[in-house]
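Trainee: Sharing a sequence plus its predicted fold:
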Amino acid sequence: MAKHFHVNTPLLESASMSRRVGTTVYLKMENSQPSGSFKIRGIGHLCQQLTTQSRGVVCASGGNAGMAAAYVARKMGVPATIVIPSSSPQLVVQRLQDQGATVKITGKVWDDANAEALRLSETEGLTYVPPFDHPLLWQGHASMIAEVAASLGPGERPGAVLLSVGGGGLLCGVIQGLKDAGWTGVPVVAVETVGADCFNAAVKAGRVVTLDDITSEAKCLGAKTVCSKAFEYSRCSELTLISELVTDQQALQAVQTFLDEERVLVEMACGAALAAVYSGLITRLQDEGRLQTPLGPLLVIVCGGSSVDMKQLADLKHKLQI
Ligand code: PLV
């Protein structure tokens, strides 16, 4: 069996983003993973550990965890059932089926789909693959920071890391990777969209809370409850974890600017993080003294995402009146 399913992704310097924030911006291009997002790192690692004797896997997903699970299962020769909510765009169904998965649509948001996935794992004896809340996922995701460390070389470290948060798996993996690299002090800017803001809500409330609904169009950030590890990290005094929100309009605008300037199409879940550069959020954090000035290189996790094509982009622009 393959040693792992993910690929080493490029670390690219963006001239236009560097100009905007006034420091070198490095893009970790997780969009170029075989499943279209970083999710394959964690899910590949988890499946290698847990599914050697499996009758099949079941994963509840907004789309990208499912894409990763379907890809890995196909490579392992194991059947995959992916449960997605009705809010996932139709194009996701086709892409999952292209990966050989059986697709089931249940409920309105990810949490509903997850209840069904858990039920199927019980009744059908399938191995449940969680999309964001498992130590093996975080361990797998951490490999992305190890790659960055190897690319940057000795002595160079990021001034800050920028990423988006759905259920918090990417955040936990990146923090794990920063710890492993000896970069614990590097601030992490964790971005969500308004209406898919379970991490920000937990930070504000001082406890893990469950959102009433997901009202953002960034459906792959749409978990109602953040994983408790992410919340724990937000309380950890050794870490600098900054939770910020952008609007759906800012996230979508960022998708478009990124397409124009970097020639890469990502989904809104990723646009949320990119918006921190394009909307001036990073500069504001510096003005407020929450990030240093001058700032060391900004590492942007381009988490990617498959839930987008030109039609979906046009539909979202229409819906959000951009
Ligand atoms: N998406 C999960 C959870 O959805 C999924 O099932 O695919 N960027 C992209 C492109 C993503 O797909 C996700 C998660 C994230 C960022 C956020 O990662 P997380 O959930 O580990 O914080 C409901």
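Mentor: Arrived safely.
Trainee: pull the longest helix from this structure.
Mentor: Longest helix of the chain, by residue count under DSSP state H: helix 135-152.
Trainee: Is the ligand within reach of it?
Mentor: No. Shown here: helix 135-152 not in contact with the ligand (CB under 6 Å from any ligand atom), separated by at least 7.6 Å. C-beta: built from backbone N, CA, C; applies to glycine.
Trainee: Looking at that helix now, give me its mean pLDDT.
Mentor: The predicted model assigns helix 135-152 a mean pLDDT of 98.
Trainee: Do a quick rundown of the strands in the chain.
Mentor: Secondary structure of the chain, counting by DSSP state E: strands at 11-13, 25-29, 57-60, 80-84, 102-105, 127-129, 160-164, 188-193, 241-246, 298-302.
Trainee: What strands line up against the fourth one, and which way round?
Mentor: Each strand that strand 80-84 pairs with, and the sense of that pairing, follows from DSSP bridges: strand 57-60 (parallel), strand 102-105 (parallel).
Trainee: Can you tell me how far residue 162 is from the ligand?
Mentor: 12 Å (CB to the nearest ligand atom, to the nearest Å).
Trainee: Apologies, that question was intended for residue 199.
Mentor: Relative to the ligand, and taking CB to the nearest ligand atom, residue 199 is found at 8 Å.
Trainee: ok, now which ones touch that residue?
Mentor: Residue 199 is in contact with 165, 168, 171, 190, 192, 226, 230, 231, 234, 243, counting by CB atoms under 8 Å, 6 or more residues apart in numbering.
Trainee: and residue 18, how many neighbours?
Mentor: By other CB atoms under 10 Å, the residues close to residue 18 number 16.
Trainee: So which residues on the protein come close to the ligand?
Mentor: 37, 39, 61-65, 110, 131-132, 164-171, 220-223, 267, 269-270, 303-305.
Trainee: Can you turn the buried subset of those residues into a selection I can paste into ChimeraX?
Mentor: Buried residues among the residues of the chain next to the ligand (16 or more other CB atoms under 10 Å), as a ChimeraX selection:
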select :37,39,61,62,63,64,65,110,131,132,164,165,166,167,168,169,170,171,220,221,222,223,267,269,270,303,304,305
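Trainee: what residues are up against residue 69?
Mentor: Residue 69 neighbours (CB under 8 Å, 6+ apart): 43, 47, 57, 59, 61, 80, 82, 101, 129.
Trainee: burial of residue 77, as a residue count?
Mentor: The number of residues near residue 77, taken as other CB under 10 Å, comes to 7.
Trainee: ok, for residue 187, nearest residue in space, not its chain neighbours?
Mentor: Leaving aside its chain neighbours, residue 187 sits nearest to residue 240 (3.9 Å; criterion: CB to CB, 6 or more residues apart in numbering).
Trainee: Quick check, pLDDT for that neighbour.
Mentor: The score at residue 240 is 98. That number is its pLDDT.
Trainee: and what of the one 4 residues further on?
Mentor: According to the prediction, residue 244 has pLDDT 98.
Trainee: Distance-wise, check the closest residue in space to it that isn't next to it in sequence relative to residue 171.
Mentor: The shortest distance from residue 244 to any residue other than its chain neighbours is 5.3 Å, reached at residue 191 (CB to CB, 6+ apart). Here the criterion is CB to CB, to the nearest Å. By it, residue 191 lies 10 Å from residue 171.
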